[in-house]
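Visitor: this is a predicted model, with the sequence first.
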Amino acid sequence: MRAIVLHAPGDIRLEKRPKPVAGPGEVLLRVASVGVCGSDLPRMLVKGAWKMPLITGHEFSGHIHALGENVEGWEIGELTAIAPLMPCNQCIECKTGNFSRCRDYDYFGSRRDGAYAEFVAVPVENLIKTPQHVDPRAIAMTDPASIALHAIWKAGGITAGQTGAVVGCGPIGLFAIQWMRIMGASRVIAVDVTEEKLALARQAGADLCILSADFADNKERADLVIEAVGIDLDDQRCRHAGCAGRTCHVYRDTCPRCEAVERDVPEIPASGSFTARLVEQFRCAFSRPAVDDNRPKIRDRGTEVGIHDLA
C-alpha cells in the first residue's frame, strides 16, 4: 500500500509499505478520509514522533475491508469512525477513569502507525458505529469534535440560560461553539485574532464575535470559557471573559497556566483538557438528537466539519 512516512522532522516520504493484517479482535480499514490535526504539523515538521519512521495521521474514517478473528457485530464495507487513543487499562489513571492521562497509552499516528495510508488495522474497541449516509470527511472529524466536548464536560458543562465563551476559533474552538449551542447555551461569545476565523465562528453559532485587539472593551461575561489557542497570552482574556465563571484550557491536563490562574485569582476554577476521556465521548457525536438540516455548515477548504453533519 502507499503511505506517508515520517522519518525525521521535515523528512516526509511517500512510500510503499506492507498492507496491514487484521489480528484477533481487529478489523482492517480502508481509509476513507483523514484530517490534518494541529498536532501533526509540529510532529512532522519540528519535534518528530514518539518513534520513527512512522505513518502519521489520527483523525480518520474508513470502510471495513477485512475482519479479524473473533470479531462480531461489524460488516465488510461498513463506514466507521475511530477513537485514536488506546489506553493501557492498567495504570492508576485508567483505573480511576482518566483514560486521557494514561501513563502507558498507545495512539494512532504518534506511537503506532496511523492513517496517512491506504489501510489501517484497528482494534474493535476503537471503532464507533456511524450513520452510513454521512460524508466520510465529516466522520473523520469525530476526534476534534470529541476533544471540544470533553473540555466542556470537564469544566462542568453548560445549560440553558448560561453564556459560553470560546477563545481561539480554530477547528476545536468551532466545535466548542456548536456543542455549547446544542447543550442550550443562550449566548456564545467568540474571540480570535482574525476576522476570517470570526466569520466561521458566526456560522457555527456565536452571537458576539470579538477581535483580540478589541477585547479590552468587552463588558460581557461568560459562565464557561473554553480556551482553544494554547499560548500563554490568552490567560488574561480567559480570566476577563470568565470573570467568576469556569475556564478550561484545551490540551492542558497538567496545566501550569491553570495553576497560575488559581494562584492569582483563587475564585476562578480552571482546568486543563487533553484529547477525550473514553470512547463514549466519541460516540456522543452520533447519539445526539438531529439538528435542522438548514443550519449553516462550517467549511475549511471545502470540507464540511459541522457537528450537525454527524446527525
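Guide: Received, thanks.
Visitor: how confident was the prediction at the nearest residue to Arg13 once chain neighbours are set aside?
Guide: Leaving aside its chain neighbours, Arg13 sits nearest to Val5 (5.2 Å; criterion: Cβ to Cβ, 6 or more residues apart in numbering). Bear in mind the C-beta positions are built from the backbone N, C-alpha and C, glycine included. pLDDT recorded at Val5 is 97.
Visitor: touching, Val5 and Asp11? I think so.
Guide: No: between Val5 and Asp11 there is no contact under Cβ atoms under 8 Å: 9.1 Å.
Visitor: what about these two, which has more around it?
Guide: Val5 (20 against 13; other Cβ atoms under 10 Å).
Visitor: mind listing what the residue nearest to Arg13 touches?
Guide: Residues in contact with Val5, defined by Cβ atoms under 8 Å, 6 or more residues apart in numbering, are Ile12, Arg13, Leu14, Glu15, Arg17, Pro53, Leu54, Ile55.
Visitor: what's opposite it in the beta bridge?
Guide: When bridges are called by DSSP bridges, Val5 pairs up with Arg13, Ile55.
Visitor: re earlier: let me have the contacts of Val5 in a markdown table, adding pLDDT and distance to Asp40 as columns.
Guide: Formatted as a markdown table, the contacts of Val5 follow (pLDDT from 0 to 100; distance: Cβ to Cβ, whole Å):
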| residue | pLDDT | distance to Asp40 |
| --- | --- | --- |
| Ile12 | 96 | 10 |
| Arg13 | 96 | 15 |
| Leu14 | 96 | 16 |
| Glu15 | 96 | 17 |
| Arg17 | 97 | 18 |
| Pro53 | 96 | 15 |
| Leu54 | 96 | 11 |
| Ile55 | 97 | 12 |
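Visitor: filter these down to the buried ones, PyMOL style.
Guide: Entered in PyMOL, the line below selects the buried ones among the contacts of Val5, by 16 or more other Cβ atoms under 10 Å:
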select buried, resi 17+53+54+55
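Visitor: just give me the closest of the contacts of Val5 to Cys102.
Guide: Nearest to Cys102, judged by Cβ to Cβ, of the contacts of Val5 is Leu54 at 19.3 Å.
Visitor: what ranges does the stretch 151-300 of the chain have for its helices?
Guide: 171-182, 195-204, 235-242, 256-264, 279-287 (DSSP state H, counting those that start in this stretch).
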